[in-house]
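Colleague: Turn this into a model:
(chains A and B, ligands or ions: 2)
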Amino acid sequence: MNAVRQLGNGVFSMNGREWSLLVACLLAIIIFSVASPHYATSGNAATVLRNSVELLLIGLGMTLLLAMGGIDVSIGIVMGLAAIAIGRVLGADGNPVLALVAGPVVGALLGCVTATVVVLGRVPAIVGTLGLLGVYRTAVFVLLGGQWLSGLPASLTNLLATTVLGVPVPALVIVAAYLAVWLALRRTPYGLHLLAIGNSEEKARLSGIPVIKIRFVTFVISGILTGVAATFYVATYRNVEMTIGSTLALDAIAAVILGGTSILGGKCSLIGTVLGVLLLRILQNGLLLIGVPSLWQPVVTGVLIIGVLGFEAISNRFPVVQLLRARA
Amino acid sequence: MTAPFLVARNIGKRFGALTALANVDLEIRSGEVLALLGDNGAGKSTFIKILAGAHPPSDGELVIEGNPVSFHSPKDAAASGIATIFQELALSENLSIAENVFLGRELKRSIFGIPFLKRQEMRQRVDGLLKELDAHISDPEAPVGSLSGGQRQAVAICRALNLNARLVIMDEPTAALAVAETRKVLALTRRLAARGCAVVLISHNISEVFEVADRIVVFRRGRKVAERLAAETDHEEVVSLITGAHPDVRALEKTN
Ligand SMILES: Nc1ncnc2c1ncn2[C@@H]1O[C@H](COP(=O)(O)OP(=O)(O)OP(=O)(O)O)[C@@H](O)[C@H]1O
Ligand SMILES: [Mg+2]
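Modeller: Numbers count the residues shown, from 1 in each chain, chains lettered A, B, ... in the order given. Ligands and ions are numbered 1, 2, ... in the order given. You can find the predicted model right below:
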């Protein structure tokens, strides 16, 4: 028991940035509740949480990637491809067990493809994954043949839309994924190596860290988490549309940066990512309810990214802001 | 005289068209401080990067205690007992002292087959090493990026000590240090040698070199141009060897 307590020490501890995100979430909720009578309902709260499932899982992987000095702008379409695989398995005979396996397996394979290009091929991550984004987008189009995958059997949904001891299955999976990633990051050599690589790949190499292996594995982990996200996506909507995942990478990167993970690598916050995802989804949902068309959602996300990075750049340049921060 | 710990034979290194090192022969002995001197760009850092496994040599071979070795990574060199403190200190600024000292060779325990860090044990070992070095650091959990130059050097030296290294290489360890911290690092260099370690020290400060070195080797334009026992040479001669004004160096460079 003592060992477990030691291992979990600090798993939910929060810094100033993370508390301000929590406050921002609460403020947004209060403002939207006042602005719209439809907002503060239990049904809407469930919708926001439901809409956060995929992004939470993908955000955990993206946190690892950014902490390592990597990135994956193709991650949304990776989820799309995994979702198509799950849909095909499900459509063939409705076997939910096979469908459960399909997501993580396809996610892991696509993670290997990305890692082969970016890590083994030494193509900078932003460029390599942008190239893959183009390839995968066409792949989605070809695989779907211009049509939605729709009316999938409910067997997977029946399996995942249940509760265990009153807790919804998606919540359990997310907590398990969070704890696994947190332990890996903060309690194992892997986490130290990842952060050292994010700080400087060359210094990490000189310190005797297996840089290639760690980077490769991290892209695969991100792929697996994305495959799990795809499983929940298919279980929820029971269809796969042509535009699946097109804004997910943007949302994930925004949420992770919002959470305090450095875009330059070497520093990250998992709890920050969770709060970043929630804030993003709360804003998107609230704006929709007060009548802002959903077309504007990527604008909100984009402005958030630019705002946070801009603020960080300015506060690093102007001593006054640093002073204020040091006092906080 | 004891057999050398490491012998470098005919070492050469080319970066594309640039020859950074050529025909370097050198012996490094246990319990001895060997100083490498030379102008900027003479090839000192390149040479020790070869010893450290960070660069493969283009020519030549390394022999450790009579056995030829070839290093494919810094890990290989570490496994042979060579610890290197690089000029650009290969520390991770975002990690703590203990994390840096153990980086790449962490203490761990296996739970359900997963390797978990033994943070407490690592911290205790590092506290002991810092005490041994007489280094005062108020917050050992702070990221290394927030430490002073001397404190960082102490962390890098801890890393070498923790490896139980047989050969410690230091590339300009005192370049960024104030007087008091320089004294500490020099004392430490002697203490390493007294423990039976071989020490290679690169420095541009000649008085400093005379204070700690047993032997002095001078590099010029990628070649070893002179080797002297510290007791048998003086400041002036060393300067002329470095600048190339010394008749020996002139003669050598005429024949090449
Ligand atoms: N990775 C590299 N790629 C290409 N050229 C290099 C590389 N590393 C060193 N060089 C070149 O090799 C030569 C020797 O450099 P080196 O760093 O070994 O000099 P040094 O003696 O350590 O100098 P200093 O006293 O300035 O540290 C220089 O001309 C340098 O530009
Ligand atoms: Mg140098």
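Colleague: now residue B:213: how far from residue B:233?
Modeller: Distance, residue B:213 to residue B:233, by Cβ to Cβ, to the nearest Å: 10 Å. Heads up, the C-betas are built off the backbone N, CA and C, glycines and all.
Colleague: Give me the more crowded residue out of the two.
Modeller: residue B:213 (27 against 17; other Cβ atoms under 10 Å in any protein chain shown).
Colleague: element containing whatever residue of the stretch 1-150 of chain A ends up closest to ligand 1?
Modeller: The stretch 1-150 of chain A approaches ligand 1 most closely through residue A:122 (16.2 Å), counting by Cβ to the nearest ligand atom. Here residue A:122 sits in a region with no helix or strand, counting by DSSP states H and E.
Colleague: show me what contacts residue A:239?
Modeller: Each residue near residue A:239 by Cβ atoms under 8 Å, 6 or more residues apart in numbering or on different chains is listed here: A:87, A:148, A:149, A:150, A:151, A:152.
Colleague: ok, now residue A:240?
Modeller: Going by Cβ under 8 Å, 6+ apart, residue A:240 touches A:80, A:83, A:84, A:87, A:144, A:148, A:149, A:150, A:233, A:234.
Colleague: Next, the residue lying closest to residue B:115 once chain neighbours are set aside: phi, psi?
Modeller: Among residues not flanking residue B:115 along the chain, residue B:108 sits closest, at 4.2 Å (Cβ to Cβ, 6 or more residues apart in numbering or on different chains). When quoted as degrees, to the nearest 10, the phi and psi of residue B:108 stand at phi -150, psi 160.
Colleague: hang on, residue B:108 packs against residue B:114?
Modeller: No. Applying Cβ atoms under 8 Å, one finds residue B:108 not in contact with residue B:114, separated by 9.3 Å.
Colleague: measure stretch B:204-221 end to end?
Modeller: 15 Å (Cα to Cα, to the nearest Å).
Colleague: how about residue 84, what does it touch?
Modeller: Just going to use chain A. Residue A:84 touches A:140, A:143, A:144, A:149, A:240, counting by Cβ under 8 Å, 6+ apart.
Colleague: Correction: the question concerned chain B.
Modeller: Contacts of residue B:84 (Cβ under 8 Å, 6+ apart): A:206, B:48, B:49, B:51, B:52, B:54, B:74, B:77, B:160, B:168, B:169, B:171.
Colleague: Could you tell me how far residue A:285 is located from chain B?
Modeller: 35 Å (Cβ to the nearest Cβ, to the nearest Å).
Colleague: Regarding the residue of the stretch 101-250 of chain B found nearest chain A, what is its secondary structure?
Modeller: Closest to chain A within the stretch 101-250 of chain B is residue B:104: 3.5 Å, counting by Cβ to the nearest Cβ. The local conformation at residue B:104, judged by DSSP: H, G, I helix; E, B strand; the rest coil, is coil.
Colleague: Stretch B:203-218: which residues count as buried?
Modeller: For stretch B:203-218, a neighbour-count test (16 or more other Cβ atoms under 10 Å in any protein chain shown) marks B:203, B:206, B:208, B:209, B:210, B:211, B:212, B:213, B:215, B:216, B:217, B:218 as buried.
Colleague: Pairing partners for residue B:24 in the sheet, please.
Modeller: residue B:11 (DSSP bridges).
Colleague: State the number of residues packed around it.
Modeller: Applying other Cβ under 10 Å, we find 23 residues neighbouring residue B:24.
Colleague: Could you do residue A:228 as well?
Modeller: Neighbour count for residue A:228, taken as other Cβ under 10 Å: 25.
Colleague: Let me know whether my guess that it is in a strand holds.
Modeller: No. Read with three-state DSSP, residue A:228 is helix and lies in no strand.
Colleague: Enumerate every residue touching it.
Modeller: A:57, A:103, A:104, A:107, A:173, A:177.
Colleague: Please work out how many residues are found near the third one.
Modeller: Here the neighbour count serves as a burial measure; for residue A:104 (other Cβ under 10 Å) it reads 21.
Colleague: wait, isn't it in contact with residue A:227?
Modeller: Yes. Here residue A:104 lies in contact with residue A:227, judged by Cβ under 8 Å, at a distance of 4.1 Å.
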